[in-house]
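S.K.: Just need the structure, nothing else, for what follows:
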Amino acid sequence: MKALTLSKKMSAWFAWFIPETRDMPSRRYDLDWLRVAVFALLICFHIGMFYVQNWGWHVKSQYLNGDLDKVMLFVEPWRMASLWLISGIAIRFVLAKVSLLRFVTLRSYRLLLPLAFGVLVIVPPQLYFEMTANGDLHTSYWQFYREFLSLNSPMFEKYRYGIFQHINGNHLWYLQALWKYSLYLILLLPIFNSAVFNFITAGFFKLNGMLQIALALIPIAIIQLSVELDQVRYPLGFLFLCYGYLIGWNSDFWAKVTAKRRTLLTCFLINYLLVVSFYSLIFMGDDPALKDGLVGLAGMCCYALQRLLGLLIVLGYAHQYLNKPSNKLGYYSEAVYPFYIVHQTIIVVSGSLLTQFSLGPIFEPILLFIITIAGCFASYEVIRRSTLLRPMFGLKQGKAFSPQVINVGYAVAAMLIIPLAYQSLI
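M.R.: Next up, the predicted model:
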């Protein structure tokens, strides 16, 4: 009897972590397509980072463009916000279908194992070419890598800003942060899933659209104004992850954002002109008083609004036009993580080598784009066929194994990811 009572108490306790499944759709193809599209945009953005003159990056081309940053401001505010929000929605879908323990276990293996493999195998070439370009390295890659595996090597004295000293995630920071913030989100689920909070959010989604945007904008603006520029992506990422979970499959939100997509686009374009004007005249200007005063504050608020407007636009247009199945969607959805993991290393290595040949400001970026996309596809074709590589890139195993083999695999993977998990949380 006591065991039965305890079981009921445990079931009631875990119920706090299960979202309401009423009106939950079986599949949201638009979110799958949008995830593919935003990761593709991320690859193009990082190619642009190789050429933009006014923004720092790991390596640079000899052909820098002083106006490219204005173009990239069209997507920079909302590109990562979209990924975080889609991840939050996905977490709500998953938690409605699997137990909390299974969610945490699968999340850990599918995020931290690729991160561990990435920081040891995929990312080091980026550091090698960055240090070489900075004049801090004059050795072969193999000599560099032997030193790289030593946490106390004096070679990396200027580069100790990684997960383990100089062993850094670089562009894979998103995997580490997504794992950590998924755990943080779980701690908030008893609040987010409570009847009171659901009543409040239901009322919020029925408010006037302009008032909704204003209320959602307040936390974004506060974070953007109070956190250092090089750290702001982390609290903003967690905020948009929470926004995504709360949005979920709320019919009022999706109906409104789809119906108002053209109005949102108009507002976005007008605000983009304001953001570019503030950026060019104030933030790139020579008067620090303007930058730190009310004018600068207005510019930062416009930039915060641009994050939200861009995000709402892509959600609205995707829901209107992409919420339909396709034979190609499965292929591209599975390719997302492999593309994401390998693309920046391809850009850094290929770009560093290409720019030495003085191919010109037109031919070089075209060739770099072709090499990057071809390299991503070629890598994916190898990865998807490899039993060993698939889990290293966040993919499910396509082959059935015996329970003994599976348990050994999980044990080996656990030994790799536990130190990384510990380091990520402290």
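S.K.: Only C-alpha atoms from now on, for both contacts and neighbour counts.
M.R.: Will do.
S.K.: what about G162, distance to K206?
M.R.: 44 Å (C-alpha to C-alpha, to the nearest Å).
S.K.: which stretches of the stretch 1-150 of the chain have low pLDDT?
M.R.: The model of the stretch 1-150 of the chain has pLDDT under 70 over residues 1-16.
S.K.: Where do the helices of it begin and end?
M.R.: Along the stretch 1-150 of the chain, counting by DSSP state H, counting those that start in this stretch, helices occupy 2-15, 29-49, 68-72, 79-95, 100-117, 124-133, 141-148.
S.K.: Determine which stretch of these is the most buried.
M.R.: Among these, helix 79-95 has the highest mean neighbour count (mean count of other C-alpha atoms under 10 Å), at a mean of 22.
S.K.: Give me the distance from stretch 147-165 to the chain's centre.
M.R.: Taking the mean of its C-alpha atoms, stretch 147-165 sits 25 Å from the chain's own mean (C-alpha atoms, centre = their mean, to the nearest Å).
S.K.: give me phi/psi at K324?
M.R.: With angles defined as degrees, to the nearest 10, K324 sits at phi -150, psi 150.
S.K.: all strands of the chain, in order?
M.R.: Assigned by DSSP state E, the chain shows no strands.
S.K.: can you give me the helices in the stretch 301-426 of the chain?
M.R.: Under the criterion DSSP H, counting those that start in this stretch, helices of the stretch 301-426 of the chain are mapped to 329-354, 363-384, 389-392, 403-425.
S.K.: Contacts for stretch 414-426, please.
M.R.: Applying C-alpha atoms under 8 Å, 6 or more residues apart in numbering, the contact partners of stretch 414-426 are S108, Y109, L112, L113, A116, I163, F164, Q176, K180.
S.K.: Buried ones in that stretch, by neighbour count?
M.R.: Neighbour-count burial for stretch 414-426 flags A414, L416, I417, I418, L420, A421 (criterion: 16 or more other C-alpha atoms under 10 Å).
S.K.: Distance to M24 and pLDDT for those - can I get that in TSV?
M.R.: Shown next, in TSV, are the buried residues of stretch 414-426 (distance: C-alpha to C-alpha, whole Å; pLDDT from 0 to 100):
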residue	distance to M24	pLDDT
A414	33	87
L416	36	85
I417	33	89
I418	34	90
L420	35	87
A421	32	89
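S.K.: Let me see the contact set for Y141.
M.R.: By C-alpha under 8 Å, 6+ apart, the contact list for Y141 reads P125, Y128.
S.K.: where's it relative to Y159, distance?
M.R.: For Y141, the distance to Y159 - C-alpha to C-alpha - is 17 Å.
S.K.: And for L367?
M.R.: From L367 across to Y159, the span is 30 Å (C-alpha to C-alpha).
S.K.: Burial check on L236, number of neighbours?
M.R.: L236 has 20 neighbours, counted by other C-alpha atoms under 10 Å.
S.K.: I'd guessed it sits against A221; true?
M.R.: No - with contact defined as C-alpha atoms under 8 Å, L236 does not count as touching A221 (9.7 Å).
S.K.: Pull the number of nearby residues for P403.
M.R.: For P403, using other C-alpha under 10 Å, the count is 9.
S.K.: now Q344
M.R.: Neighbour tally, Q344, other C-alpha under 10 Å: 23.
S.K.: Test my guess that it contacts C44.
M.R.: No - using C-alpha under 8 Å, Q344 is not in contact with C44; the gap is 10.1 Å.
S.K.: shared neighbours, the two?
M.R.: Common neighbours of Q344 and C44, counting by C-alpha under 8 Å, 6+ apart, are absent.
S.K.: Now do the contacts for K399.
M.R.: For K399, the contact set (C-alpha under 8 Å, 6+ apart) comprises T387.
S.K.: ok, back up a step: turn the helices of the stretch 1-150 of the chain into a markdown table, columns for distance to F253.
M.R.: What follows is the helices of the stretch 1-150 of the chain, written out as a markdown table (distance: least, C-alpha to C-alpha, whole Å):
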| stretch | distance to F253 |
| --- | --- |
| helix 2-15 | 25 |
| helix 29-49 | 14 |
| helix 68-72 | 28 |
| helix 79-95 | 13 |
| helix 100-117 | 26 |
| helix 124-133 | 41 |
| helix 141-148 | 49 |
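S.K.: With G398 as the reference, name the closest of those.
M.R.: Among the helices of the stretch 1-150 of the chain, the nearest to G398 by C-alpha to C-alpha is helix 100-117 (14.5 Å).
S.K.: Please name every helix or strand in contact with the closest one.
M.R.: Applying 3 or more C-alpha pairs under 8 Å, 6 or more residues apart in numbering; DSSP states H and E, we find helix 100-117 packed against helix 173-192, helix 389-392, helix 403-425.
S.K.: Show me which of these has the highest average neighbour count.
M.R.: Neighbour counts (mean count of other C-alpha under 10 Å) averaged over each of the helices and strands packed on helix 100-117 peak at helix 389-392, with a mean of 20.
S.K.: If you average the pLDDT over it, what comes out?
M.R.: Across helix 389-392, pLDDT averages out at 95.
S.K.: one step back: tabulate the helices and strands packed on helix 100-117 (TSV), appending distance to F377.
M.R.: Output for these, formatted as TSV (distance: least, C-alpha to C-alpha, whole Å):
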stretch	distance to F377
helix 173-192	21
helix 389-392	15
helix 403-425	26
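S.K.: Now tabulate the buried residues of stretch 414-426 in a markdown table and tack on distance to V123.
M.R.: Listed next are those as a markdown table, based on distance: C-alpha to C-alpha, whole Å:
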| residue | distance to V123 |
| --- | --- |
| A414 | 21 |
| L416 | 17 |
| I417 | 17 |
| I418 | 20 |
| L420 | 15 |
| A421 | 18 |
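S.K.: quick one: which of the residues you listed is nearest F240?
M.R.: Set against F240, the nearest of the buried residues of stretch 414-426 by C-alpha to C-alpha is A421 (22.2 Å).
S.K.: list the contacts for H138?
M.R.: T132.
S.K.: quick revisit: between the contacts of stretch 414-426, which sits nearest G48?
M.R.: The nearest member of those to G48, counting by C-alpha to C-alpha, is Q176 at 24.0 Å.
S.K.: My guess is the closest one contacts L113. True?
M.R.: No - using C-alpha under 8 Å, Q176 is not in contact with L113, being 10.2 Å away.
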